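Enquirer: got a predicted model here, sequence first, then my questions.
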2 protein chains.
Amino acid sequence: MAVYTEVSDDELSAFLADYDVGALLSYKGIAEGVENTNYLLHTEKGPLFLTLYEKRVARHDLPFFLGLMEHLARAGLTPTPVRDRRGRLLRELAGKPAALVAFLEGVWLRRPQPRHCAALGRTMAELHLAGQSYPQRRDNALGLAGWRPLYLRFRSRADEIMPGLSGIIERELAELEASWPRDLPQGVVHADLFPDNVFFLGDRLSGLIDFYFACNDALSYDLAITLNAWCFEADHAFNLTKGHALLAGYQSVRALTPAESAALPLLARGAALRFLLTRAYDWLHTSREALVKPKDPSEFVRRLAFHRSVRAASAYGL
Amino acid sequence: MAVYTEVSDDELSAFLADYDVGALLSYKGIAEGVENTNYLLHTEKGPLFLTLYEKRVARHDLPFFLGLMEHLARAGLTPTPVRDRRGRLLRELAGKPAALVAFLEGVWLRRPQPRHCAALGRTMAELHLAGQSYPQRRDNALGLAGWRPLYLRFRSRADEIMPGLSGIIERELAELEASWPRDLPQGVVHADLFPDNVFFLGDRLSGLIDFYFACNDALSYDLAITLNAWCFEADHAFNLTKGHALLAGYQSVRALTPAESAALPLLARGAALRFLLTRAYDWLHTSREALVKPKDPSEFVRRLAFHRSVRAASAYGL
């Protein structure tokens, strides 16, 4: 939780004068959000979300992200980025790239149930279909090709996190590099659909947020990420009911090809490795004074072990 | 900035079911606030502010604070605390005392102008008048009698903050203890009306927040606090135009007695010492990992020196 950049009332009012949002009524720095600084604004035209992009988001990627949100908002999947009177989505505020987005009502679920997994599956498939017509593209910086370079940045210290971790990662990297599926249907994926990025109003999914890892990759890799993010319990056990609900929800909108189904265990291993790598890196590189505490990497070691034990996609409820 | 206590969606929905506020639409932890954890809620009935009281606020004082806010809200000075269906202002949530308050629109001014000081003066006088009929009372734990004990808790380390600080504090304590005015008109005072506790919509003061230092004390001591908090510039110079606006605004609603006017320089010294002491204590006792960075005590050393040079209240613009 963090507000990295303070915005003064004068700066903000001057910034908003370029938008058709009426006068500013209030603004509050939001404690959630690891990467960026976020403010919740109340204006005469309603609530808005203001994001200042901090250094972890590359400026040259912002047009892709904001354009994608606008594209997906037309399908009702995301809150709408607000253009200023000159048509700009991306502006500058307090020395940082900044964007204004309609505020999305909803809460993220600390304990999602199978019906929520089903709703997520349906919505993710809708995202994949809507993304087919999005003209921009962005490579996945945290895809297969990015994993080994990331690992090499902390290899010498990996075992500080957990004895034997370097061996686990190296074996997995070697196996995935040799067998990663390459001919699966591609498109725009969210690539970070953890529960805190999916909002619900009651049992209705109200929208998706935080597209700052979105990229072009295998559509079914997105599904593999959500299997990791939504279908394990606090005791690290895989919940087959949730897995089934997620996959059935997805397939009610977009059927998986036989190749995608067959690849699911391998994709799930890759997804677990990707979050293991970034969390391990953050764990070793977050200063003790940081505003944001790093997340524990070890839960992805356990998920990886589960996926390695899986022989077919039926183990996920397919 | 801090959210010390995380509240889950299930806990919050269960908590809100006891209030007539409709369904929860969203909630966000707010980064501002040093003492407590705050969430901004959107509900079907509108926005609300939820506060969880952390250890720095004494639980036995909460009925005084919440009752006072409710009392002052009737005069339009504060947002209204919301009672649950059983009439309770104070509840418990996530193991902490908790209260729900109507959300007050407005922004606090990073650079208040003389017209804002005038508005603050008027509103503070209204607060003092409305407070006369508030039946509860609370002694000022950070009044004259509290200063020396607080100082003794960090005396041995005071000069770490600034060479000579212990001498400055000891001389001031001795002089104020000998000459502190005791027969001034008393009543409920806010006692912490810094700019971040005063909200404006344009140039209109929309309300006062954060009553967690409110207590019974000399009314003119409250004015002395705001002279310190609102009328010095970034270069530490006293702004006579702002001082005049503040005092004239106040007197347009409630005239100061001759004794209050005469006491103003001494009260201003006491107010500067009070914030010097608490900031010095926090400076020495805030761990490096704390979520909230302590405020610089030294600016109150400079303000204290100014007040010591003042011979009469006319120097403040009276």
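Expert: Structure's in. What do you need?
Enquirer: residue numbers of the stretch 1-150 of chain A in contact with chain B?
Expert: Counting by C-beta under 8 Å from any C-beta of the partner chain, the positions of the stretch 1-150 of chain A adjacent to chain B are A:1-3, A:8-10, A:12, A:23-32, A:40, A:42, A:47, A:103-111. To be clear about C-beta, it is placed using only N, CA and C from the backbone, and glycine gets the same treatment.
Enquirer: now, which of those residues lie within helices?
Expert: A:9-10, A:12 (DSSP state H).
Enquirer: highest neighbour count among those?
Expert: A:L12 (19 neighbours; other C-beta atoms under 10 Å in any protein chain shown).
Enquirer: any idea of the pLDDT on it?
Expert: Looking at A:L12, its pLDDT is 97.
Enquirer: look up how far A:F199 lies from it.
Expert: As judged by C-beta to C-beta, to the nearest Å, A:L12 and A:F199 stand 25 Å apart.
Enquirer: now the residue most central in space within chain A: which helix or strand?
Expert: The centroid of chain A falls nearest to A:D192 when counting by C-alpha atoms, centre = their mean (2.0 Å). Secondary-structure assignment from DSSP states H and E places A:D192 in no helical or strand segment.
Enquirer: list the residues that contact it.
Expert: Contacts were defined as C-beta atoms under 8 Å, 6 or more residues apart in numbering or on different chains; by that measure A:D192 touches A:210, A:212-214, A:225.
Enquirer: try 7 Å
Expert: A:210, A:213 (C-beta atoms under 7 Å, 6 or more residues apart in numbering or on different chains).
Enquirer: and it, what are its phi and psi?
Expert: phi -160, psi 40 (degrees, to the nearest 10).
Enquirer: okay, now the closest residue to A:A141 other than its chain neighbours: neighbour count?
Expert: Leaving aside its chain neighbours, A:A141 sits nearest to A:C215 (7.2 Å; criterion: C-beta to C-beta, 6 or more residues apart in numbering or on different chains). Residues lying near A:C215 (other C-beta under 10 Å) number 22.
Enquirer: what's across from A:C215 in the sheet?
Expert: A:V189 (DSSP bridges).
Enquirer: just checking, it touches A:Q136?
Expert: No. Counting by C-beta atoms under 7 Å, A:C215 stays clear of A:Q136, with 10.5 Å between them.
Enquirer: what about A:A315, which SS state?
Expert: helix (DSSP: H, G, I helix; E, B strand; the rest coil).
Enquirer: what about it, distance to chain B?
Expert: 29 Å (C-beta to the nearest C-beta, to the nearest Å).
Enquirer: which non-adjacent residue is nearest that residue?
Expert: Closest to A:A315 by C-beta to C-beta, 6+ apart is A:P265, at 7.3 Å.
Enquirer: what does A:R74 give?
Expert: A:A130 is the one closest to A:R74 (C-beta to C-beta, 6+ apart), at 7.8 Å.
Enquirer: now do the strands in the stretch 101-250 of chain A.
Expert: Ranges of strands within the stretch 101-250 of chain A are A:186-189, A:198-201, A:204-208, A:215-218, based on DSSP state E, counting those that start in this stretch.
Enquirer: A:A259 is nearest to which of the ones you listed?
Expert: Nearest to A:A259, of all these, is strand A:215-218, at 9.9 Å by C-beta to C-beta.
Enquirer: what packs against that closest one?
Expert: Contacting strand A:215-218 under the criterion 3 or more C-beta pairs under 7 Å, 6 or more residues apart in numbering or on different chains; DSSP states H and E are the following elements: strand A:186-189.
Enquirer: would you mind listing the outside residues contacting the strand it packs on?
Expert: Outside strand A:186-189, the residues touching it (C-beta under 7 Å, 6+ apart) are A:68, A:128, A:131-132, A:134, A:214-219, A:221-222.
Enquirer: so what are the domain limits for chain A?
Expert: Here the domain parsing of chain A from automatic domain parsing is A:9-102, A:114-316.
Enquirer: tabulate those (a markdown table), appending distance to B:V310.
Expert: Below are the domains of chain A laid out as a markdown table (distance: least, C-beta to C-beta, whole Å):
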| stretch | distance to B:V310 |
| --- | --- |
| domain A:9-102 | 31 |
| domain A:114-316 | 40 |
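Enquirer: B:V253 is nearest to which of the ones you listed?
Expert: domain A:9-102 (25.7 Å).
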